[in-house]
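Colleague: Fold the following, please.
(chains A, B, C and D)
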2 protein chains.
Amino acid sequence: MLDVAERAGVSKASVSRFIGEDRDLLSDEIARRIEQAIAELGYRPNQMARGLKRGRTRLIGMLVADIRNPYSIAVMHGVETACRRHGYSLVVCNTDRDDEQERQHLALLRAYNIEGLIVNTLGHHRDELLELHQEMPLVLVDRKVDRLDSDLVGLDNPAAVDMALDHLEQRGYRDLLLVTEPVDGTSSRIERVERFNASIEQRPALRGAVVETSDRFAARIETFLAGPDYGPKALFCANGVAALATTQALRELGCNLFDDVGLLALDDLDWYPLVGSGISALAQPTTEIGASAFDCLLKRLRGDSGPARTLDFPARLIERGSTRGPQR
Amino acid sequence: MLDVAERAGVSKASVSRFIGEDRDLLSDEIARRIEQAIAELGYRPNQMARGLKRGRTRLIGMLVADIRNPYSIAVMHGVETACRRHGYSLVVCNTDRDDEQERQHLALLRAYNIEGLIVNTLGHHRDELLELHQEMPLVLVDRKVDRLDSDLVGLDNPAAVDMALDHLEQRGYRDLLLVTEPVDGTSSRIERVERFNASIEQRPALRGAVVETSDRFAARIETFLAGPDYGPKALFCANGVAALATTQALRELGCNLFDDVGLLALDDLDWYPLVGSGISALAQPTTEIGASAFDCLLKRLRGDSGPARTLDFPARLIERGSTRGPQR
DNA sequence: CTGTTAGCGCGTTCAA
DNA sequence: TTGAACGCGCTAACAG
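Modeller: Numbers count the residues shown, from 1 in each chain, chains lettered A, B, ... in the order given. Sure, this is the predicted structure:
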């Protein structure tokens, strides 16, 4: 920086003004000289030093529970795009669903002076999250954290589940099984399960049960399929991972996909069209969700201190062969 | 830091020694007092400031061409795990296959004083990469960059292609079509195509052609399938994206998966077992590749200045229904 | 409009 | 073994 200043015959402060937001304060002549000196020397301001001084690092942190989950990737991509558009950079930390790693990453992000945090994990370290939330804005994605009063962006789970049941019922399915990953305190999973149960109550034509993907999972599916005849059977998978496990199980059981049983999945993955007659899906607007998460952060960074907001996005139904209706 | 020092009744320098690598220089008594003060105050050293002073930020950068590609994700996961194990953090930048974004991200990473860089892109900004390489170690993953003399970690492409051809030939396929994403200067794609062509030359029993996934892709596949009978036909997809496109095309054409035509794919994705009779795959050891990439960096950071190394990992064949042999 | 001064939080000389 | 002083690269406050 000193080199640039000397070469342009000005002081460091002027150079600082040039690369910062005070460029208007400079005379055209000086600005031109600085610009040239910067170009000639290939000077790049050191973001670390800027961050150190101003407290503004232009860094956003994101805590992700499982980076191999396509949903997380999609949201992250949305966040990253939004960040870049506004001059921020994203530091992504993957916890691999491990509480200890979550703790370490939180410490790390703080040590790097991020300005805001996007969280998509179980949030098993509420104390640290709370503490962090004192210092910076925080947005939860997809999953609530108990007694953490922050913005929340995600899917409108009740509406999505209703949409699923409407569709399945209308297509002639009567005996439903909700397949979910172990609920394990994950708010979005809880909401889906609860709404499923509640909504089934309201629909006299339907019968519904819930099963978690776990050890004897294929056997549970088999039991369901062999169960007493209440009407055409269909599976409703609460997310992409459950859909994968379910489809695997159905294949193991030698099912004809999808004549024997209907299937509707939350999340739309690129391979759904390829399996059997194609898997119907409720797609989440992941890019929008990611962009909104960043948007919340940005509003807070710009001083908005209103009450915590909750943004629920609607799912979109994509019909494929797996809900074409029971084959008689 | 000053607070900690005062509370422990020592100077900032001692605290600095405690949190740094000079802890041995401190007397037990002082170390204990500092430790306690840190715990009581919940003190966290500011990594920005440390980086500013020492030039060591403990940050590794990774440039990824397409974060939605499962291969990239898997490698990134391997890198991240290795990083964390050694006290480094990873900053991932996704270029979305866009040259301009690649340039911006390179500037960004430099501005944040990363200590090393892992690159998995086309590297269309060789000048900047070269410049960066003067300042820090650089590892290429999967893709070479012209005249950039750095470590390279990836798949042993010739061996993998040979393994594929051996397998297909042994299973009775004779008429092969290699499906690749547009080659577009990507070294790994070039290597696969070239070895395919060369290897076909050497095998009188086989015939081979190459097609890129693009506009009239399904039509190209159709032409291949309808072509003169040279023997049982099989498709060899050069990566996961090609496999997805190919399977889509086969479905559109109403093929019976996979009685009409064999299919072998490079990369092993979680949904391969679910499509038709299951897609056979050559799995890449992505975790190892990622870990090795970081390992190269670490060696360089520790002073190794030997000649650039190339690490080629072998693929692993996973047989499923799609190469069970031609059905007569 | 511009330059001077004084730190941001830390690591690293030096002496002691 | 410890502490005082200086500076990393930059920005903010003030003075001109």
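
Colleague: isn't there a helix covering residue A:282?
Modeller: No. The assignment for residue A:282 is strand, going by DSSP: H, G, I helix; E, B strand; the rest coil, so no helix is present there.

Colleague: That one pairs with what?
Modeller: According to DSSP bridges, the residues that bridge with residue A:282 are residue A:266, residue A:317.

Colleague: That one contacts residue A:268, doesn't it?
Modeller: Yes. Assessed by Cβ atoms under 8 Å, residue A:282 is found in contact with residue A:268 at 7.4 Å. C-beta: built from backbone N, CA, C; applies to glycine.

Colleague: what helix or strand does residue A:159 sit in?
Modeller: helix A:157-170 (DSSP states H and E).

Colleague: re the thing from before, so what sits against both of residue A:282 and residue A:268?
Modeller: residue A:318 (Cβ atoms under 8 Å, 6 or more residues apart in numbering or on different chains).

Colleague: How about the contacts made by the closest residue to DNA strand C within the stretch 201-328 of chain A?
Modeller: Closest residue of the stretch 201-328 of chain A to DNA strand C, Cβ to the nearest atom of the strand: residue A:301 (18.6 Å). With contacts defined as Cβ under 8 Å, 6+ apart, residue A:301 is in contact with A:115, A:116, A:137.

Colleague: how does it look with 10 Å?
Modeller: Contact analysis of residue A:301 by Cβ atoms under 10 Å, 6 or more residues apart in numbering or on different chains lists A:56, A:60, A:86, A:88, A:115, A:116, A:136, A:137.

Colleague: now residue A:88
Modeller: Residue A:88 neighbours (Cβ under 10 Å, 6+ apart): A:57-60, A:79-80, A:82, A:114-116, A:294, A:297-298, A:301.

Colleague: The same query, at a cut-off of 6 Å, please.
Modeller: A:58, A:60 (Cβ atoms under 6 Å, 6 or more residues apart in numbering or on different chains).

Colleague: and it, how far is that from residue B:21?
Modeller: 32 Å (Cβ to Cβ, to the nearest Å).

Colleague: do the same with residue A:178
Modeller: 54 Å.

Colleague: where does chain A dip in pLDDT?
Modeller: Where chain A drops to pLDDT under 70, the residues are A:328.

Colleague: All the strands of it, residue numbers only.
Modeller: Secondary structure of chain A by DSSP state E: the strands cover A:59-64, A:89-94, A:116-120, A:138-141, A:151-155, A:175-180, A:207-212, A:233-237, A:262-266, A:280-283, A:310-313, A:316-318.

Colleague: Save the ones you listed as JSON lines, and put in mean neighbour count too.
Modeller: Converted to JSON lines, the strands of chain A look like this (neighbours: other Cβ atoms under 10 Å in any protein chain shown):
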{"stretch": "strand A:59-64", "mean neighbour count": "25"}
{"stretch": "strand A:89-94", "mean neighbour count": "23"}
{"stretch": "strand A:116-120", "mean neighbour count": "26"}
{"stretch": "strand A:138-141", "mean neighbour count": "27"}
{"stretch": "strand A:151-155", "mean neighbour count": "24"}
{"stretch": "strand A:175-180", "mean neighbour count": "24"}
{"stretch": "strand A:207-212", "mean neighbour count": "17"}
{"stretch": "strand A:233-237", "mean neighbour count": "26"}
{"stretch": "strand A:262-266", "mean neighbour count": "28"}
{"stretch": "strand A:280-283", "mean neighbour count": "23"}
{"stretch": "strand A:310-313", "mean neighbour count": "16"}
{"stretch": "strand A:316-318", "mean neighbour count": "16"}
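
Colleague: Those: which one's closest to DNA strand D?
Modeller: Comparing the strands of chain A by Cβ to the nearest atom of the strand, strand A:59-64 comes nearest, at 14.5 Å.

Colleague: And chain B, is the closest one touching that?
Modeller: No. Using Cβ under 6 Å from any Cβ of the partner chain, strand A:59-64 never reaches chain B; the gap is at least 8.2 Å.

Colleague: What residues does chain A have near DNA strand D?
Modeller: A:1, A:12-13, A:15-16, A:19-20, A:22, A:44-46, A:49-50, A:52-54 (Cβ under 7 Å from any atom of the strand).

Colleague: Most neighbours among those, which one is it?
Modeller: The most neighbours of any of the residues of chain A next to DNA strand D, using other Cβ atoms under 10 Å in any protein chain shown, belong to residue A:15, which has 25 neighbours.

Colleague: From DNA strand C, how far off is the residue of chain A found nearest DNA strand D?
Modeller: Across chain A, the shortest distance to DNA strand D (Cβ to the nearest atom of the strand) belongs to residue A:1, at 2.6 Å. Between residue A:1 and DNA strand C the computed distance is 11 Å (Cβ to the nearest atom of the strand, to the nearest Å).

Colleague: So for the residue in the stretch 201-328 of chain A that chain B sits nearest to, what's the nearest residue that isn't a sequence neighbour?
Modeller: Scanning the stretch 201-328 of chain A for proximity to chain B using Cβ to the nearest Cβ identifies residue A:271 as nearest, at 4.0 Å. Of all residues not flanking residue A:271 in the chain, residue B:271 sits nearest, at 4.0 Å (Cβ to Cβ, 6 or more residues apart in numbering or on different chains).

Colleague: wait, doesn't residue A:74 sit right on residue A:284?
Modeller: No. Taking contacts as Cβ atoms under 6 Å, residue A:74 lies outside contact range of residue A:284: 7.9 Å.

Colleague: Return the residues in contact with the nearest residue to residue A:83 once chain neighbours are set aside.
Modeller: Among residues not flanking residue A:83 along the chain, residue A:90 sits closest, at 4.8 Å (Cβ to Cβ, 6+ apart). By Cβ under 6 Å, 6+ apart, residue A:90 lies in contact with A:60, A:62, A:80, A:83.

Colleague: now residue A:90, which residues is it bridged with?
Modeller: Under the criterion used (DSSP bridges), residue A:90 bridges to residue A:60.

Colleague: What distance do you get for it to residue B:108?
Modeller: Residue A:90 is 11 Å from residue B:108, by Cβ to Cβ.

Colleague: cool, residue A:26 as well?
Modeller: 25 Å.

Colleague: One more: residue A:11?
Modeller: 27 Å.

Colleague: More neighbours: those two, which one.
Modeller: Each of residue A:11 and residue B:108 has its neighbours counted (other Cβ under 10 Å); residue B:108 has more, 18 against 12.

Colleague: Leaving out sequence neighbours, find the closest residue to the more buried one.
Modeller: With sequence-adjacent residues excluded and distances taken as Cβ to Cβ, 6+ apart, residue B:108 is closest to residue A:89, at 5.8 Å.

Colleague: gap between the one you found and residue A:115?
Modeller: 10 Å.

Colleague: quick one on the thing from earlier: can you pick out the most distant pair from the contacts of residue A:301?
Modeller: Spatially, the most separated pair among these is A:86 and A:136, at 16.0 Å (Cβ to Cβ).
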